[in-house]
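Engineer: Let's see this in three dimensions:
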Amino acid sequence: MTKHVVNTLCLGWLIVAGGCVETDRSFSQPTSLDAQVRQSLQQWAVVPINPPPAQNPALVALGQALLFDKELSGNRDIACATCHTPATAMGDGQSLAVGTGGTGVAPSRTLGPSRQFVPRNAPTLLNTAIGLPYVFWDGRVTGFGGQFQTPAGAALPPGLPNILAVQAMFPVTNRTEMRGEPGDTDVFGKPNELAQYNDSQWVDIWQAVMRRLLAIPGYQSLFAAAFPGIPSTQLGFGHAATAIAAFETQSLTRLDTPFDHYLRHDDNALTAEEKRGAILFFGKATCSSCHNGPQLGTGNFTDVGVPQIGPGVGPEPPLDLGRGALPDNEFYRFAFRVAPLRNVELSAPYFHDGAYPTLDAVVRHYNDVGVALTAFDSTQLAPDVRATYHGDPATVAGVLQQLDGRLRQPLRRSEAERAELVAFLKALTDPAARNLSALAPASVPSGLPVR
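Structural biologist: Down below sits the predicted model:
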């Protein structure tokens, strides 16, 4: 009689030493955590990632110098690495990036007089060499089968080897990020000649940056070593972008995470809590419906109800319409690229505008998006960013109107389950990515300060 009562209480479970252990539907064998996780991995096409091929050392050396050199910016006051800095896992640790005219280095960089924030968060450069079909938060640069679509159209130089090199072409053309405004002067008080061109004069801007670089003896030597046999008169910014991509590929690929070890069949690489988090991630929490494949993301664009922060992008400032601001993409209003999750623990703050400072806050957002957006607490933002939050009822209603249908109902995950999800996300961190300080060179050919 007692046994019958216990079986009723443990319906769907196996009785072991007076307790209950979850089993499969036959109730004959326990379904292990590993079996559940591995079934999910197969279902969502999550497979080990092979490292990219080794890059030409001369290309890598040139790319490293270029990434850290402020000579590429109109006012000679900001480098790519100012917002993608080793100290913050090749992001900047800020909700919205601070471009040219600012002072300091991320994450403490501040706006300069009469400047505005870059409209979006600076994403990490870690693992960007691994199978990205889209770059930038709105995916305005795409690459499939060696064919690229970009805002520059036919002006994009031929021969760029990959989408990472294509992406590197554009920050130097952006006024807020690096190029500056008409009338700006550089750190030496000289006129900023890069700012004189119209925004559509892509080729002129790229040629002007190359004239700067090739006037420096150190870069003459680095370009000659990286591109032997190509006369300096035939070098274009596409060659510089190719070198930057080579450095990112060689130096910023981090694939030695506990999760990677688990994918290679080391069952002990994840803790029981991390495995339970993985089961939730690929199951009831529905994360994998967007974050799937080897990179756990980058395959689509969606509106996940992120609060609107910043000066805006698109025809309705101060709103950021995301991919919906691109021509013929009205369907994607308020939709942004699904970010890859490798090393996500290190890339706070999160989402396209850095709305949330912690992974716990992100998981809480997804648990009930409607409540999270409506009751968003802007005090979690830095004070200077707080003023750019747009929480008026019309904006909130507009974002919720376009909300992904998978998020319209609360997930109702418990506090313990949310902690398990966060534990799994932290298992996506490569320990070697925690300290990238060795990536910064002691100096760059321009002689400008690296920091």
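Engineer: Please give me every residue in contact with Thr82.
Structural biologist: Contacts for Thr82 (Cβ atoms under 8 Å, 6 or more residues apart in numbering) come out as Lys70, Asp92, Val105, Ala106, Arg109. Where you see a C-beta, it was placed from the backbone N, CA and C, and this is true even at glycine.
Engineer: Confirm that it sits in a helix.
Structural biologist: Yes: Thr82 forms part of a helix when assessed by DSSP: H, G, I helix; E, B strand; the rest coil.
Engineer: I'd like the numbering to begin with 752 instead of 1 from here.
Structural biologist: Sounds good: first residue 752 from here, last item Thr833.
Engineer: Give me the pLDDT for it.
Structural biologist: At Thr833, the model reports a pLDDT of 97.
Engineer: What of Gly896?
Structural biologist: pLDDT, Gly896: 86.
Engineer: For burial, what's the neighbour tally of it?
Structural biologist: The local packing of Gly896 (other Cβ atoms under 10 Å) involves 5 other residues.
Engineer: Could you do Leu964 as well?
Structural biologist: 24.
Engineer: Could you verify my assumption that it touches Glu822?
Structural biologist: Yes: counting by Cβ atoms under 8 Å, Leu964 does reach Glu822; the two are 6.5 Å apart.
Engineer: related to what we said a few turns ago, what two of the contacts of Thr833 have the greatest distance between them?
Structural biologist: Farthest-apart pair in the contacts of Thr833 is Lys821 and Asp843; separation 15.2 Å (Cβ to Cβ).
Engineer: who has more neighbours, these two?
Structural biologist: Taking neighbours as other Cβ under 10 Å, Lys821 and Asp843 compare with Asp843 leading, 29 against 22.
Engineer: nearest spatial neighbour of that one, skipping sequence neighbours?
Structural biologist: Leaving aside its chain neighbours, Asp843 sits nearest to Ala857 (3.3 Å; criterion: Cβ to Cβ, 6 or more residues apart in numbering).
Engineer: so that neighbour makes contact with Cys834?
Structural biologist: Yes: counting by Cβ under 8 Å, Ala857 touches Cys834, with 5.8 Å between them.
Engineer: ok, the two, which is more surrounded?
Structural biologist: The residue with more neighbours, out of Ala857 and Cys834, is Cys834; 29 against 20, by other Cβ under 10 Å.
Engineer: would you list every one of the helices in the stretch 902-1051 of the chain?
Structural biologist: For the stretch 902-1051 of the chain, applying DSSP state H, counting those that start in this stretch gives helices covering 914-919, 953-965, 968-977, 988-1002, 1009-1014, 1023-1032.
Engineer: now the longest one, how far from the centre of its chain.
Structural biologist: By that I understand helix 988-1002. 18 Å (Cα atoms, centre = their mean, to the nearest Å).
Engineer: which strands and helices sit next to that helix?
Structural biologist: Where contact means 3 or more Cβ pairs under 8 Å, 6 or more residues apart in numbering; DSSP states H and E, helix 988-1002 is packed against helix 808-819, helix 914-919, helix 953-965, helix 968-977.
Engineer: and the ones you listed, which is most packed in?
Structural biologist: Comparing the helices and strands packed on helix 988-1002 by mean neighbour count (mean count of other Cβ atoms under 10 Å), helix 914-919 comes out on top with a mean of 25.
Engineer: where exactly do the strands run in the stretch 1002-1151 of the chain?
Structural biologist: For the stretch 1002-1151 of the chain, the strands defined by DSSP state E, counting those that start in this stretch occupy 1052-1053, 1059-1060, 1087-1088, 1140-1141.
Engineer: Now render those as CSV, adding mean pLDDT.
Structural biologist: Formatted as CSV, the strands of the stretch 1002-1151 of the chain follow (pLDDT from 0 to 100):
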stretch, mean pLDDT
strand 1052-1053, 97
strand 1059-1060, 98
strand 1087-1088, 98
strand 1140-1141, 98
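Engineer: Of all these, which one comes closest to Ala996?
Structural biologist: The closest of those to Ala996 is strand 1087-1088. By Cβ to Cβ, the value is 18.7 Å.
Engineer: who does the closest one pair up with?
Structural biologist: strand 1052-1053 (antiparallel) (DSSP bridges).
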